[in-house]
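Q: prediction below, plus the sequence it came from.
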Amino acid sequence: MASESAESPYKHLHVEYKTEKAKIVKNIVFGIQDGSLTSLGVVTGVTGALADNFIIILAGFVALITEAISMGAGEYISSKSEIEVYRHETELEKKEMAEVPEIEKQEIADIYRAKGFRGKLLNQIVKKITSDKHLWLDTMLREELGFPEKFESPAKLGAIMFVTSLIGGIIPILPYLFMRAPAALPLSVIITAAALFVTGASKTVVTKTNWLKSGIEMMLVGMLVAFAGYSIGSILGVRA
């Protein structure tokens, strides 16, 4: 049994913790998406305002590096915090199993009753689980709180987010390395849109949603960012 104050903040973690593989895919998708969108907004905005290759490339690289550091550090801290929550809940469950075992046994019964077990079979399941403290604790952590069997390293998840954010962020800048602005702008938008479409479609491996719809949605977000960035840059450029 988790206390009321400790239990409620973590209920939302159940879906997020389903698998650590899903979390890695999420990091890859979010890293590429955020890196691409941030850089795209910057390069389109600066192109609209100045159309100076050196400044566009400089601004783009500053944006992608700072975004990658921010994303990587944020994911590291977030993942580390999840492990700290897990450790806290583990100690809390151990304490409550020792102090209020009957309540904890009732929670096991409630969990398996919700799965459809009844009568003698339910009693046998509860007895079997609660006869082994390790199994009992594991069941409470997995079934009640939704924690995974293991956690990926926060450093690994942070590194994935950092690298994929860098990869995503370099995409909108690439045309400016070989072409002059503003001629590079259409190609930048096109290749970023393509990358966002592929990223959106790829995440359906985990989400099991429609790949075409997911890809188009992410691509449209990119186009909105490009339009907004260029429009704002153009307005500010004229006023300057």
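A: Okay, I see it.
Q: host element of Pro182?
A: Following DSSP states H and E, there is no helix or strand that holds Pro182.
Q: so the residue nearest to it when sequence neighbours are not counted: helix, strand or coil?
A: For Pro182, the nearest residue in space outside its immediate sequence neighbours is Ala51; the separation is 5.0 Å by Cβ to Cβ, 6 or more residues apart in numbering. (Each C-beta comes from the backbone N, C-alpha and C, glycine too.) Under DSSP: H, G, I helix; E, B strand; the rest coil, Ala51 falls in the coil class.
Q: quick one, phi/psi of Ala51?
A: Taking degrees, to the nearest 10, you get phi 60, psi 40 for the backbone angles of Ala51.
Q: thought it was touching Ala181?
A: Yes. Contact between Ala51 and Ala181 holds when scored by Cβ atoms under 8 Å: they sit 4.4 Å apart.
Q: between these two, tell me which one has more neighbours.
A: Comparing Ala51 with Ala181 by neighbour count (other Cβ atoms under 10 Å), the higher total belongs to Ala181, at 21 against 17.
Q: shouldn't Tyr112 be in contact with Val126?
A: Yes. Taking contacts as Cβ under 8 Å, Tyr112 lies within contact range of Val126: 6.9 Å.
Q: ok, the two, which is more surrounded?
A: Neighbours were tallied for Tyr112 and for Val126 using other Cβ under 10 Å; the higher tally belongs to Val126 (22 against 18).
Q: what comes into contact with the host helix or strand of the more buried one?
A: When secondary structure is defined using DSSP H and E, the element that contains Val126 is helix 119-130. Taking contacts as Cβ atoms under 8 Å, 6 or more residues apart in numbering, the residues outside helix 119-130 that touch it are Pro101, Glu104, Lys105, Ile108, Ala109, Tyr112, Arg113, Phe117, Leu135, Trp136, Thr139.
Q: just the buried ones from those residues?
A: If you count burial by 16 or more other Cβ atoms under 10 Å, the buried members of the contacts of helix 119-130 come out as Glu104, Lys105, Ile108, Ala109, Tyr112, Phe117, Trp136, Thr139.
Q: ok so, going back, for the helix holding Val126, what is the average pLDDT?
A: Confidence for helix 119-130, expressed as mean pLDDT, is 91.
Q: what residues sit buried inside it?
A: Residues Leu122, Ile125, Val126, Ile129, Thr130 are the ones in helix 119-130 that count as buried (16+ other Cβ under 10 Å).
Q: give me the low-pLDDT residue ranges for the chain?
A: In the prediction, the chain carries residues with pLDDT under 70 at positions 1-20, 238-240.
Q: now find how far off-centre the helix holding Val126 is within its chain.
A: A distance of 38 Å separates the C-alpha centroid of helix 119-130 from that of its chain, computed with Cα atoms, centre = their mean, to the nearest Å.
Q: tell me the helix or strand right after it.
A: With DSSP H and E setting the assignment, the helix or strand that follows helix 119-130 is helix 133-139.
Q: remind me what that next one packs against, helices and strands.
A: Using 3 or more Cβ pairs under 8 Å, 6 or more residues apart in numbering; DSSP states H and E, the elements in contact with helix 133-139 are helix 53-99, helix 101-114, helix 119-130.
Q: with distance to Ile28 added, can I get these in CSV?
A: As requested, these are exported to CSV (distance: least, Cβ to Cβ, whole Å):
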stretch, distance to Ile28
helix 53-99, 11
helix 101-114, 33
helix 119-130, 37
